[in-house]
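Engineer: Okay, sequence plus prediction incoming.
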Amino acid sequence: MEKQIIGDRMNTFFLKLTRQSFWELGINDDSVAEYVADVLTDFSRMDNLYGFPAQPEKKLVTVVEVLTAKEPDPAPDATTGSPTLLKERELRKYLGDYNLFMSGMLRSHVEHGGSLNAYLEERSRSYWTVSELDFSVYRTGFLLFQELSNQFEYYSGALDYMRKAYFAHEPGEDPFKGFLKQIEGWMKLNVSEN
């Protein structure tokens, strides 16, 4: 129960910062801001950042590792009859979210490794595939994933702006550890206040 309360507070925190950053950049799409805040909330936990949900025992660090780790589920899906449709959607959504987080909040790390273009290219395929899969099974929300695919660089840049404005790490500090340290400080402050 306490994890849920902390998660809700973190989401509120990220939603406020996302809306503020987006507003400062002239982005007025609240559905995208809410989605991005959810992504930030999810990836503020280390186990979500480096592990695809279907592979919790193995930490996956690169997009290639995530793509090669998928194993088809032999049991057919109850809603589609397809054994892999929803698993494929879950994988592609995770990849899109991972790429958005990494290319936005940890852009300097990604640029340093020389893989920013790979992240930006994979994003289009990932979010667009989610949109197509959602549309094929009549799920609502497919337009959100089309928007994320089409404007990925724009939203990734907005996250980079947010990082610079609100989550700047110390010189020489690991960017993810600096981000987590700031989030932990915020959580301690807000949990102790309530």
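Structural biologist: Nice, I can see it.
Engineer: top helix in this structure by residue count?
Structural biologist: helix 2-24 (DSSP state H).
Engineer: Now do the buried residues in that helix.
Structural biologist: By neighbour count on 16 or more other CB atoms under 10 Å, the buried set for helix 2-24 is 9-11, 13-15, 17-19, 21-22. The way it works is simple: take the backbone N, C-alpha and C, and place the C-beta from them, glycine included.
Engineer: Now pLDDT too, for the residues you listed, in TSV please.
Structural biologist: Output for the buried residues of helix 2-24, formatted as TSV (pLDDT from 0 to 100):
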residue	pLDDT
Arg9	83
Met10	84
Asn11	89
Phe13	89
Phe14	92
Leu15	94
Leu17	91
Thr18	95
Arg19	95
Ser21	94
Phe22	95
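Engineer: tell me what the longest helix of the chain is packed against?
Structural biologist: Applying 3 or more CB pairs under 8 Å, 6 or more residues apart in numbering; DSSP states H and E, we find helix 2-24 packed against helix 30-43, helix 152-166, helix 175-193.
Engineer: ok, of these, where does mean pLDDT dip lowest?
Structural biologist: Here these differ in mean pLDDT, and the lowest is helix 175-193 at a mean of 61.
Engineer: the inter-axis angle of the helix or strand hosting Lys93 versus helix 152-166?
Structural biologist: For Lys93, the host element (DSSP states H and E) is helix 85-105. Relative orientation of helix 85-105 versus helix 152-166 (axes from the mean of the first three to the mean of the last three CA atoms, to 10 degrees): 50 degrees.
Engineer: list the buried ones in the very next helix or strand once past helix 85-105?
Structural biologist: As assigned by DSSP H and E, the chain's next helix or strand after helix 85-105 is helix 107-112. Judged by neighbour count using 16+ other CB under 10 Å, the buried positions of helix 107-112 are 107, 109-110.
Engineer: Ok, stretch 31-39 next?
Structural biologist: 32-37, 39.
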